[in-house]
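Engineer: here are the coordinates; sequence isn't available:
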């Protein structure tokens, strides 16, 4: 085994920590769209998201009817999709969120033992149309929209909140664009650390920031910035989200290559005041760190994809796990890429052994 793989093996085998992720919860009902049906059991599906978009444009002056074929009903949301990777790697994350009122929804049952699920009510619902190269997510987010910090306080009480927020290594919040009360939830999280040791790092995935106004975006960034000197902050985006970020803070859109994205990523990180800024795509990941500079990890595009919904969260989960110790920035990206590659080809997270094997297969490590 090469010295590089030895470092990964040593890190992965001893990896441990306390991860707290909140506060959402979705049930995803995933479908593919029939392109041509030849018999009851024989049909072809629309393979490309662009093809579906072209179909909508072509028939824009009239109605569009499509046939849906169910693929799965499963868990969804930032906390559960990100926490899955940690759980598969033997780190039991704490996940306060919406997993079912009264009892855990069947979509989340597989996580009952591997995660600390703390349910505050019924999950939101998402209809996901899945293609070979992407997905279209349509969510009824009322359950998440209605969730606010007073609900969390009432559900737990002071003593349980103290126990939950104590000795946290990484604290994550996601899907800002789908969470109407994100800022008040963040303030509630931060309130816990007035008398507790703060986490070693905070992690954010805002999701589709284009959905929110510039004013709301700035308010959230400024709010997070008030704590950035106290807690190192990591902000993760996909290629579409990072270009939206560049546009909103006055940075010219670069080409979609890792070498072209790295310099403006550094500029963006400095402008918004985060400790780390990440961008992940199917072909590469790039990071800018205040202490480690910039790093690039190329990603082999996977050809035998079985599930795309949750791919970005799997990257996040891998990166969080890689951030529990002292792995260098490039290796954190490589580990996160490997977690993503395994997830999209197996529809679950890797074990420690499977993660190491995935890293060994990677052309850039």
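Structural biologist: Cool, got the structure. What you are looking at is a predicted structure, and each value in this text was computed from that prediction instead of being measured.
Engineer: Would you map the helices across the stretch 1-150 of the chain?
Structural biologist: 3-14, 49-58, 78-88, 142-146, 149-165 (DSSP state H, counting those that start in this stretch).
Engineer: so where does the residue nearest in space to the middle of the chain fall, helix or strand?
Structural biologist: For the chain, the residue nearest the mean C-alpha position is residue 313 (2.6 Å; Cα atoms, centre = their mean). Using DSSP states H and E, residue 313 sits in helix 311-322.
Engineer: quick one: average pLDDT of the helix or strand following that helix?
Structural biologist: Per DSSP H and E, the first helix or strand lying C-terminal to helix 311-322 is helix 329-346. The pLDDT scores in helix 329-346 average 97.
Engineer: what angle do the very next helix or strand once past helix 329-346 and helix 3-14 make?
Structural biologist: Next helix or strand after helix 329-346 toward the C-terminus (DSSP H and E): helix 352-361. Angle, helix 352-361 to helix 3-14, by axes from the mean of the first three to the mean of the last three Cα atoms, to 10 degrees: 160 degrees.
Engineer: which residues touch residue 12?
Structural biologist: Contact analysis of residue 12 by Cβ atoms under 8 Å, 6 or more residues apart in numbering lists 89, 335, 352, 355-356. Just so you know, the C-beta spots here come from the backbone N, C-alpha and C atoms, and that holds for glycine as well.
Engineer: Could you do residue 38 as well?
Structural biologist: Applying Cβ under 8 Å, 6+ apart, we find residue 38 in contact with residue 44.
Engineer: Show the backbone phi and psi for it.
Structural biologist: Per-residue torsions, residue 38: phi -110, psi -30 (degrees, to the nearest 10).
Engineer: And it, how close does it get to residue 130?
Structural biologist: According to Cβ to Cβ, to the nearest Å, residue 38 stands 21 Å off from residue 130.
Engineer: now residue 342
Structural biologist: With distances taken as Cβ to Cβ, residue 342 is found 18 Å from residue 130.
Engineer: Secondary structure element for residue 259, which one?
Structural biologist: helix 258-272.
Engineer: Show me which residues of that helix are buried.
Structural biologist: The neighbour-count check on helix 258-272 (16 or more other Cβ atoms under 10 Å) flags 258, 261-262, 264-269, 271-272 as buried.
Engineer: re the thing from before, so which of the contacts of residue 12 would you say is closest to residue 60?
Structural biologist: Of all the contacts of residue 12, residue 60 sits closest to residue 335, with 43.9 Å by Cβ to Cβ.
Engineer: most tightly surrounded among the helices of the stretch 1-150 of the chain?
Structural biologist: Most buried of the helices of the stretch 1-150 of the chain, by mean neighbour count (mean count of other Cβ atoms under 10 Å): helix 78-88, with a mean of 28.
Engineer: Quick one: list the elements packing against that one.
Structural biologist: Identification of packing neighbours for helix 78-88 by 3 or more Cβ pairs under 8 Å, 6 or more residues apart in numbering; DSSP states H and E yields strand 19-22, strand 94-97, strand 170-174, helix 311-322, helix 329-346.
Engineer: could these be laid out in JSON lines, adding distance to residue 237?
Structural biologist: Formatted as JSON lines, these follow (distance: least, Cβ to Cβ, whole Å):
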{"stretch": "strand 19-22", "distance to residue 237": "17"}
{"stretch": "strand 94-97", "distance to residue 237": "22"}
{"stretch": "strand 170-174", "distance to residue 237": "12"}
{"stretch": "helix 311-322", "distance to residue 237": "9"}
{"stretch": "helix 329-346", "distance to residue 237": "13"}
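Engineer: Of all those, which one is nearest residue 43?
Structural biologist: helix 329-346 (23.4 Å).
Engineer: Check which helices and strands that closest one sits against.
Structural biologist: Using 3+ Cβ pairs under 8 Å, 6+ apart, helix 329-346 sits against helix 3-14, helix 78-88, strand 276-280, strand 284-289, strand 293-298, helix 311-322, helix 352-361.
Engineer: Nothing else from me, thank you.
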